[in-house]
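1. I would like to see how this sequence folds:
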Amino acid sequence: MSLDVFRGMTIAAMILVNNPGSWKAVYPPLRHAVWNGWTPTDLIFPFFLFIAGVSVVFSFAGRKARGESRKYLVLHVLWRGVVLIAIGILLNMLIHPAWNGLRFFGVLQRIGLVYIFAAPLTLTTKPRTRFLITAVLLLGYWLLMILVPVPGIGRNQLTPTGNLASFIDFHLFPGRLWRTTWDPEGLLSTLPAIASALLGTLVGDAFLDSARSRISSKRITQLVAAGLVAVVLGELWGFEFPINKNLWTSSYVLFTGGLAIMLFLACYWTIDVKGWTRWARAFVFLGTNPLAIYAASDIVAVKVLPSIKAFAYPRWFAPLGPPAAVSCLWAAGYVALWWIAGWIMYRKAIFIKL
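-> Model prediction:
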């Protein structure tokens, strides 16, 4: 249950920060960091990739127990990854219908690419091997970003327009980036994003070892300690390779991965160990249909919500209080709308999966 709750909390946070009443009035913690550094909003996406990594371990364990072959599972992974990428591009087409200038990258595209690489590694390698692959991805990305010179700019430039990742995206996908010269879900920065998911698989393996009984207090302590070490290492690495979501830096992976481990363990301890579930049930409704709720909320936010907001927000919401508080209230109301949708789907046992 704790995994569904953690996933539901992440989906709720995604919807909240993406749909303020007014982008001119948003509390700072509900905005992304402009460049280096982080806010609570910058934790959401890596948390989701971490959760995906944990989920993959349990999914494969169950499916292998049902007799599904490794070949079939790999083919399903590829199919699911491609479909996620296609859905992400279709969502982008709703925002920018014209092919010219259509953005290729996005949240679902990154999840799809990460899944295509991380899931087969989970299926075919042992945890120790994945730990080494994670280290290679983080160190390799760091070395690429600081040692490979960008033509006309030089090496070790981590500005929005001067870094290697932006250079590659700008020249491979001109006119199709979130910003004119760079994209936060670009191609090269997908490498460390894979590491974010692999960290989740390592935690999933730790739980799978104790699948027949409740995970031991000793193992919980070890995992919490690992999360704390990752946070500290991320902070220290950040002095050399700044914590930066837009570049998905290696320090960012360790820092957010460590926090994800500790928050997930906190959910597990309170829900699955102590049995304090009443507060958590609301998030289960969102966490059991994450793809459907995220995609649908995005579509409604783009195609339906603007006209409703143009009429209702200045008349009924804006007069209620301070602009930032009202803007947050609108976003919370939108989250509540999708909580109701999730509750209905849960009650009717409708679970949409790829």
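2. name the nearest residue to the most centrally placed residue in the chain, ignoring sequence neighbours.
-> In the chain, the residue lying closest to the centroid (C-alpha atoms, centre = their mean) is residue 45, at 2.5 Å. In space, residue 45 comes closest to residue 107 once its chain neighbours are excluded; the distance is 6.8 Å by C-beta to C-beta, 6 or more residues apart in numbering. For every residue, glycine as well, the C-beta is placed using N, CA and C.
3. output the contacting helices and strands for the helix or strand containing residue 337.
-> Using DSSP states H and E, residue 337 sits within helix 323-347. With contacts defined as 3 or more C-beta pairs under 8 Å, 6 or more residues apart in numbering; DSSP states H and E, helix 323-347 has these neighbours: helix 2-18, helix 281-287, helix 290-303.
4. that helix versus helix 2-18: what angle between them?
-> Here helix 323-347 runs at an angle of 140 degrees relative to helix 2-18 (axes from the mean of the first three to the mean of the last three C-alpha atoms, to 10 degrees).
5. got the contact list for the residue nearest to residue 45?
-> 45, 88, 185 (C-beta atoms under 8 Å, 6 or more residues apart in numbering).
6. re earlier: out of the helices and strands packed on helix 323-347, flag the one nearest residue 204.
-> For the helices and strands packed on helix 323-347, the distance to residue 204 is smallest for helix 2-18, at 8.9 Å, taking C-beta to C-beta.
7. report the angle between the axes of that closest one and helix 290-303?
-> Using the same axes, to 10 degrees: helix 2-18 against helix 290-303 is 10 degrees.
8. of the helices and strands packed on helix 323-347, which approaches residue 76 most closely?
-> helix 290-303 (15.1 Å).
9. in the chain, where is pLDDT below threshold?
-> For the chain, the stretches flagged by pLDDT under 70 are 210-214.
10. show me where it has helices.
-> 2-18, 44-65, 70-95, 107-124, 127-147, 164-172, 190-208, 217-237, 250-267, 281-287, 290-303, 305-312, 323-347 (DSSP state H).
11. and those: which comes nearest residue 24?
-> helix 323-347 (7.4 Å).
12. dihedrals phi and psi, residue 160?
-> Dihedral pair for residue 160: phi -50, psi -40, per degrees, to the nearest 10.
13. surely it and residue 166 touch.
-> Yes - between residue 160 and residue 166 there is a contact under C-beta atoms under 8 Å: 6.5 Å.
14. what residues are up against residue 339?
-> If you count contacts by C-beta under 8 Å, 6+ apart, residue 339 has them with 12, 282, 285, 286.
15. swap in 10 Å and give it another go.
-> If you count contacts by C-beta atoms under 10 Å, 6 or more residues apart in numbering, residue 339 has them with 8, 11, 12, 15, 282, 283, 285, 286, 293.
16. dump the residue contacts of the last one.
-> By C-beta under 10 Å, 6+ apart, the contact list for residue 293 reads 8, 11-12, 14-15, 285-287, 338-339, 341-342, 345, 352.
17. who wins for neighbours among these?
-> In terms of neighbour count, residue 286 stands highest of these at 29 neighbours, by other C-beta atoms under 10 Å.
18. which one is that residue nearest to, not counting chain neighbours?
-> Spatial nearest neighbour of residue 286, excluding adjacent residues (C-beta to C-beta, 6+ apart): residue 8 at 3.7 Å.
19. buried residues in stretch 7-27, which are they?
-> 7-22, 25-27 (16 or more other C-beta atoms under 10 Å).
20. now render the contacts of residue 339 as CSV, adding distance to residue 140.
-> Listed next are the contacts of residue 339 as CSV, based on distance: C-beta to C-beta, whole Å:
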residue, distance to residue 140
8, 34
11, 31
12, 34
15, 34
282, 41
283, 36
285, 40
286, 35
293, 35
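21. just these now: which is nearest residue 249?
-> residue 11 (24.8 Å).
22. looking at the helices and strands packed on helix 323-347, which is nearest to residue 259?
-> Residue 259 sits nearest to helix 2-18 of all those, at 11.8 Å, using C-beta to C-beta.
23. give me the angle between that closest one and helix 250-267.
-> Note on geometry: by the same axes, to 10 degrees, helix 2-18 and helix 250-267 are set 120 degrees apart in direction.
24. so what does helix 2-18 touch, helix or strand wise?
-> In terms of contacts (3 or more C-beta pairs under 10 Å, 6 or more residues apart in numbering; DSSP states H and E), helix 2-18 is packed against helix 44-65, helix 190-208, helix 250-267, helix 281-287, helix 290-303, helix 323-347.
25. and the last one, how far out from the chain's middle?
-> So the one you mean is helix 323-347. Distance of helix 323-347 from the chain centroid (C-alpha atoms, centre = their mean, to the nearest Å) equals 20 Å.
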